[in-house]
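Chemist: return a 3D structure for these sequence lines:
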Amino acid sequence: GTTSRYVPSQADIAVFEAIAAPPPADLFHALRWYNHIKSYEKQKASLPGVKKALGKYGPADVEDTTGAATDSKDDDDIDLFGSDDEEESEEAKKLREERLAQYESKKSKKPAVVAKSSILLDVKPWDDETDMAKLEECVRSIQADGLVWGSSKLVPVGYGIKKLQIQCVVEDDKVGTDMLEERITAFEDYVQSMDVAAFNKI
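Modeler: Just a heads-up that it's a prediction; the model follows:
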């Protein structure tokens, strides 16, 4: 069945592709082989055999560059030949750091979802003599990262006394109701107590 004519296999193609230029003329066997394979350029995909990475055919310690571009994305850092070549590990380290930096910058571009809550506070004065405008001014003077004051109104509680009802939006991991209570009740000339009237996750 087989003709005596030499038909190259995928192994030849792998070696052929690893050699970027024709061998020098004094290696005439190699050159003859190279030109022979070159003539099969068009049909190389249909030649017999399975094309493998170069290192799989020849001696195990040949540096395998044929498959590198396509299938070694994940093993960039793995040294297949156990060489303790300093440069190699430097390369791998640099690559790993670049990958890491890329990953980090991708991650930081994703907007982090910040958990926020909308809180309605009731701030009670001591009595009807308390200056409510001043009381509100004190409350709004409280500033914190992750705290935004919203609208407010005075709500009558009886005996001529009004309480301040004020809305705020907080970032959960930066501002809590305990901290708000502590800061608001610190204005003890005006504030008798503070309660959370409503608390909603946003």
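
Chemist: residue ranges of the helices in the protein, please?
Modeler: Secondary structure of the chain (DSSP state H): helices located at 10-18, 28-38, 68-71, 86-109, 132-140, 177-185.

Chemist: the residue nearest to residue 136 when sequence neighbours are not counted and residue 116, how far apart?
Modeler: Distance criterion Cβ to Cβ, 6 or more residues apart in numbering; nearest residue to residue 136, sequence neighbours excluded, is residue 164 at 5.4 Å. The way it works is simple: take the backbone N, C-alpha and C, and place the C-beta from them, glycine included. For residue 164, the distance to residue 116 (Cβ to Cβ, to the nearest Å) stands at 22 Å.

Chemist: looking at the two, which has the bigger crowd around it?
Modeler: Neighbours per residue (other Cβ atoms under 10 Å) separate residue 164 from residue 116, with residue 164 holding more: 25 against 18.

Chemist: coming back round to it: tell me the contacts of the residue nearest to residue 136?
Modeler: Contacts were defined as Cβ atoms under 8 Å, 6 or more residues apart in numbering; by that measure residue 164 touches 121-123, 125, 132, 135-136, 139, 152-155.

Chemist: how about 10 Å then?
Modeler: 121-125, 130, 132-133, 135-136, 138-140, 152-155, 184, 190-191, 194 (Cβ atoms under 10 Å, 6 or more residues apart in numbering).

Chemist: how near is it to residue 32?
Modeler: Applying Cβ to Cβ to residue 164 and residue 32 gives a distance of 97 Å.
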